[in-house]
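Asker: Fold the following and give me the result.
(one chain, ligands or ions: 1)
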Amino acid sequence: MLSKLLSVSALAAVAQAVSVSVASSGGNATSPYAYGLMFEDINNSGDGGVYAELIQNRAFQGDSVFPKNLDFWNPLGGAKLSLQNLSTPLSHALPTSMQVAAGNSSNSSSTIGFSNVGFWGFPIVEGWEYKGSFWVYGGLDGNVTICLTSDQDEEYVEASVEVSSSSEWMQYNYTFTPSTSAPNSNNTLNFTFAASDLSGSVNFNLLSLFPPTYNDRPNGNRVDLMEAMAGLYPSFFRMPGGNNIEGLLPPYWWNWTTTTGPLEDRPGFPGTWGYENTNGLGLIEYLLWSQDLGMEPILAVWSGLWLNGTTVPEDELQTYVNSALDEIEFCMGDASTTWGAKREALGYGPFQINFVEVGNEDSLNGGAPTYSAYRFNAFFDAITAAYPNMTIIGSFYDIDGATPPFNASGDFHEYAIPVQMSSQFGFFDNYTSAHPLLLGEYAVIEYDQPNTTEPTWTVGSPRAYFPFWYGSVAEAIFLLGAERNSDKIIGASYAPSFQNLNRWEWIPDLIEYDAYPGHTTLSTSYYMIQLLSGTRITENLPMTITEGGFNPSYFVAGRSDVTGAHIAKFAVYNSTGSVPFEFTFAGVSSGATGNLTYLTAPMNASNPVAGNLVTKHEQTVTAGSNGTFTFALPEYSVAVLEISATTAGSGHNYGNPGSRHGWKGWKSWGRDAHHHGTFNQYGQVVQFSANETTQSDLFDTIATVSARIANTGNYSTAEVTQLYLQIPGAGTRALRGFAKMPIAPGTSKPVTFSLRKKDISQWDTVSQQWVQPKGTYQVMEGASVLDIKLSGSYAL
Ligand code: AHR
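Answerer: As a prediction, the model looks like this:
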């Protein structure tokens, strides 16, 4: 017994000692989606956040909730700026433009113009290629100079565009690349021209500037924030809300039809979090984002509830049910369908959707009675009739009820204080596995306070500004409780994901940032999730606890059918000292070695802006007699022990994963068997099934391939210029849609790209084995099935 081996001085720890034997059979298969992301535009997380557009109020969008205005624009050189609804608008969606007149500076030698303050500043980074554009209408003949300028009037970089007077709207493009980085983001973007070039006035609209984007996508996402999300190994993506899908009041809701197509056709939307959304980040962008990070989309459709409590009456609901059906068809219909053809016309192949959530938190604001009476069923019936394999998720769920209210999954949200969250390890133990739950939002949002058992929801309640370490450990206990029951849980996503440090409506958040890339901050909860998500258990195994028990330490154990590793995960809460563990895995021999990784931080610590107080400890542990691993974990720690198949010893045998019960699998859970393809150990898509070709035309996406590519440091010029796929019988094909991507030596990046049928000329010769490992490159983290070759100066 462990306690007999410890000295008297260790008595405090002895009282908490834990001994566990992990069986080699009898467990449950787990959900492949265990950890994911939830996103809505809150805290300027879309506009001014992950959506990389740098100009704020770029198209003077507004409505009866947020009237159109000239906020974030300032005149230069005495110019007079005004909003105009011209008889010749830029577009139906963007009817209002900014008119510029000479104002008080009619001196013909003067320079006039306007500047934008960005989303509280502009990042100026040496070597970044910025791409911009703007539309002009009216009397201007001459050069417009566009310049990134500091608040000290230092001009970092500029472009010049020759503009001609025109009686129709004309679009101009510009690019520039700074040769020096600015020390902060206290910079503006200035547009200037000679007053003498003006005849009367000129009108501008849809003025845009993008830095480099993730995967070089046009209208794409901010690189550092996408890389931060990729670092969590997310398996699913719940979007586009949250409350932001609901709309504040009629007639506004997240109407997907206004979020697709050219930007000049997107009117914007009065977001529910206090600011106008441009909808530059629209439905296609969300799906590309899913694809780029290898995540399974969980598409939320509007369910007929506005946040002010108004609901759509039953006899008017069909319009919105039809809109949801159109939306799904737009995502995944082939070119022969009405909405699939519209997507194809925009240049995109189908995006497979396997999960649809009906609304968001429809139990609130008086929504529950109508949701139960007719709203949920109307969507459920219509969608399952058209897509029998689709998993439908209700937007709330009564966890205390043993019987699901609907023939569907439910979305359970948990915002809590630490004492509450840390007591929920067994929360799902008695829940049914017949209708797995999505944990679509969770977070510890306040510190513990005397006599308080749950958050205070009144305005001004004492929220934590950032996640803090003992709250993050409490969240880990909740997540281990979900993992322990992962035949019943689809997966969990922290919410909200992002906070712009200049304007936010909800704290705490997972990742903080502002316009200056050096300020991006990964919270304590981020590092906790990264550790737990980064090592996936695909089969839970029964544990026999022979000494100690749960509280103050919590743990799960199992193994991975992808890596063959045995795995145990731990959270140690308020233990008053280190907790000694003895862990024995049936089939693991003495002398086997395991990697023990654990995180610690000062109990109350929140990560400072751009800093990290979470320490990662790594040690090798060796199994003693009977294959027992002996180690200790400190108070307030989160840990993963991983014993790889290669070190486990002769008794190790993973067995046949196909015969295990538990997680129902995608067929019964909605993931269409014809599309499920291949996944890595994080549940991320690495290859869709070749079956998808059967209904594809030449332009259909037939496979999406994701991998993480590492530059091992051997290559001084770190730029992947092309990717190739080797196809037995069809030779080597270059993959389209993959622009050059810099990868610094010693670092790695996830890549995702679409393979279209037109990329392969002899498709009939392509078998299911068309992806073969080649080993001529380093591919990390579960991508070993991919046959990706780096070309150009990187050919190995
Ligand atoms: O995550 C912030 C908000 O919390 C979400 O918009 C809503 O779903 C929940 O109430």
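
Asker: Only C-alpha atoms from now on, for both contacts and neighbour counts.
Answerer: Will do.

Asker: What parts of the chain come near the ligand?
Answerer: Residues of the chain lying close to the ligand by CA under 6 Å from any ligand atom are G242, N243, N360, E361, A495, P496.

Asker: In contact with the first one, which residues?
Answerer: With contact set as CA atoms under 8 Å, 6 or more residues apart in numbering, G242 has these partners: F39, E40, N360, E361.

Asker: In space, what's closest to the third one - neighbours in sequence excluded?
Answerer: Nearest-residue entry for N360: S395, 4.9 Å, with adjacent residues in sequence omitted and distances by CA to CA, 6 or more residues apart in numbering.

Asker: Contact partners for the one you found?
Answerer: E357, V358, G359, N360, E361, D362, S363, G410, D411, F412.

Asker: and these as a markdown table, adding neighbour count and secondary structure?
Answerer: Shown next, in a markdown table, are those (neighbours: other CA atoms under 10 Å; DSSP: H, G, I helix; E, B strand; the rest coil):
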| residue | neighbour count | secondary structure |
| --- | --- | --- |
| E357 | 28 | strand |
| V358 | 27 | strand |
| G359 | 27 | coil |
| N360 | 25 | coil |
| E361 | 22 | coil |
| D362 | 28 | coil |
| S363 | 17 | coil |
| G410 | 27 | strand |
| D411 | 24 | strand |
| F412 | 20 | strand |
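
Asker: TSV for the residues you listed, including pLDDT?
Answerer: Below are those laid out as TSV (pLDDT from 0 to 100):
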residue	pLDDT
E357	95
V358	95
G359	96
N360	97
E361	94
D362	92
S363	87
G410	87
D411	92
F412	92
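
Asker: Now render those residues as JSON lines, adding distance to G127.
Answerer: Listed next are those as JSON lines, based on distance: CA to CA, whole Å:
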{"residue": "E357", "distance to G127": "42"}
{"residue": "V358", "distance to G127": "44"}
{"residue": "G359", "distance to G127": "43"}
{"residue": "N360", "distance to G127": "42"}
{"residue": "E361", "distance to G127": "45"}
{"residue": "D362", "distance to G127": "47"}
{"residue": "S363", "distance to G127": "50"}
{"residue": "G410", "distance to G127": "47"}
{"residue": "D411", "distance to G127": "44"}
{"residue": "F412", "distance to G127": "45"}
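
Asker: Which of those residues sits closest to E454?
Answerer: Within those, the smallest distance to E454 is 16.3 Å, found for F412 (CA to CA).

Asker: pretty sure the closest one contacts F427?
Answerer: No: judged on CA atoms under 8 Å, F412 makes no contact with F427 at a distance of 11.7 Å.

Asker: can you pull out the helices in the protein?
Answerer: Along the chain, the segments classed as helices by DSSP state H run 2-5, 11-14, 223-230, 283-292, 318-332, 338-345, 368-370, 376-386, 418-421, 469-484, 524-534, 666-669.

Asker: can you give me the angle the fifth one makes with helix 376-386?
Answerer: Just to be clear, that refers to helix 318-332. 40 degrees (axes from the mean of the first three to the mean of the last three CA atoms, to 10 degrees).

Asker: Show me what helix 318-332 is packed against.
Answerer: Here helix 318-332 touches helix 338-345, helix 376-386, going by 3 or more CA pairs under 8 Å, 6 or more residues apart in numbering; DSSP states H and E.

Asker: could I get those helices as TSV with mean pLDDT?
Answerer: Output for the helices and strands packed on helix 318-332, formatted as TSV (pLDDT from 0 to 100):
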stretch	mean pLDDT
helix 338-345	94
helix 376-386	91
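
Asker: returning to what we had before: out of the helices of the chain, which is the most enclosed?
Answerer: helix 469-484 (a mean of 28; mean count of other CA atoms under 10 Å).

Asker: For that one, give the mean pLDDT please.
Answerer: Per-residue pLDDT over helix 469-484 has a mean of 97.

Asker: who does that helix touch, helix- and strand-wise?
Answerer: Partner elements for helix 469-484 (3+ CA pairs under 8 Å, 6+ apart): helix 418-421, strand 437-444, strand 489-494, helix 524-534, strand 553-559, strand 566-572, strand 637-643.

Asker: Can you give the contact residues for the longest strand along the chain?
Answerer: Ranked by number of residues, the top strand in the chain under DSSP state E is strand 198-210. By CA under 8 Å, 6+ apart, the residues outside strand 198-210 that reach it are 52-55, 58-60, 90, 96-102, 130-141, 219, 264.

Asker: just checking, which of those residues belong to strands?
Answerer: The members of those that map onto strands under DSSP E are 96-101, 130-140.

Asker: Let me know whether V125 touches P183 as I believe.
Answerer: No: at 9.1 Å, V125 and P183 do not qualify as touching, with contact defined as CA under 8 Å.

Asker: Counting neighbours, go ahead and name the busier of those two.
Answerer: Counted by other CA atoms under 10 Å, V125 and P183 do not tie: V125 has more neighbours, with 21 against 12.

Asker: show me what contacts that one?
Answerer: V125 is in contact with P178, S179, T180, S181, A182, counting by CA under 8 Å, 6+ apart.

Asker: out of the residues you listed, who has the most neighbours?
Answerer: Most surrounded of the contacts of V125: other CA under 10 Å gives A182, at 20 neighbours.

Asker: still on that earlier bit, phi, psi of the residue nearest to N360?
Answerer: Per-residue torsions, S395: phi -90, psi 0 (degrees, to the nearest 10).

Asker: who are the neighbours in contact with G103?
Answerer: G78, A79, K80.

Asker: what about the last one, neighbour count?
Answerer: Residues contacting K80 under the criterion other CA under 10 Å number 20.

Asker: any idea how far it is from the ligand?
Answerer: Here the criterion is CA to the nearest ligand atom, to the nearest Å. By it, K80 lies 39 Å from the ligand.

Asker: Look at that residue and report its pLDDT.
Answerer: K80 is given a pLDDT of 95.

Asker: Assess the claim that it and V100 are in contact.
Answerer: Yes: using CA under 8 Å, K80 is in contact with V100, at 5.7 Å.

Asker: how near is G280 to the ligand?
Answerer: For G280 relative to the ligand (CA to the nearest ligand atom), the value is 20 Å.

Asker: burial measure for that residue, as a count.
Answerer: Applying other CA under 10 Å, we find 26 residues neighbouring G280.

Asker: I'd say it and P218 touch.
Answerer: No: contact criterion CA under 8 Å: G280 and P218 do not qualify, at 11.0 Å.

Asker: And the strands in the stretch 101-250 of the chain?
Answerer: Secondary structure of the stretch 101-250 of the chain (DSSP state E, counting those that start in this stretch): strands at 111-116, 130-140, 142-150, 155-163, 166-176, 187-194, 198-210, 236-239.

Asker: tell me the most buried of these?
Answerer: strand 236-239 (a mean of 27).

Asker: roughly how far is stretch 357-367 from the heart of the chain?
Answerer: Distance of stretch 357-367 from its chain centroid, counting by CA atoms, centre = their mean, to the nearest Å, is 22 Å.

Asker: An error on my part: the question was meant for stretch 568-580.
Answerer: So, by CA atoms, centre = their mean, the centroid of stretch 568-580 is 30 Å from its chain's centroid.

Asker: For it, measure first residue to last.
Answerer: 14 Å (CA to CA, to the nearest Å).

Asker: Pull the residues that contact that stretch.
Answerer: Residues outside stretch 568-580 that contact it (CA under 8 Å, 6+ apart): 12-14, 16-18, 422, 470, 473-474, 476-477, 480, 532, 551-558, 630-642.

Asker: Buried ones in stretch 636-650, by neighbour count?
Answerer: With burial defined by 16 or more other CA atoms under 10 Å, the residues of stretch 636-650 counted as buried are 636-645, 647-649.
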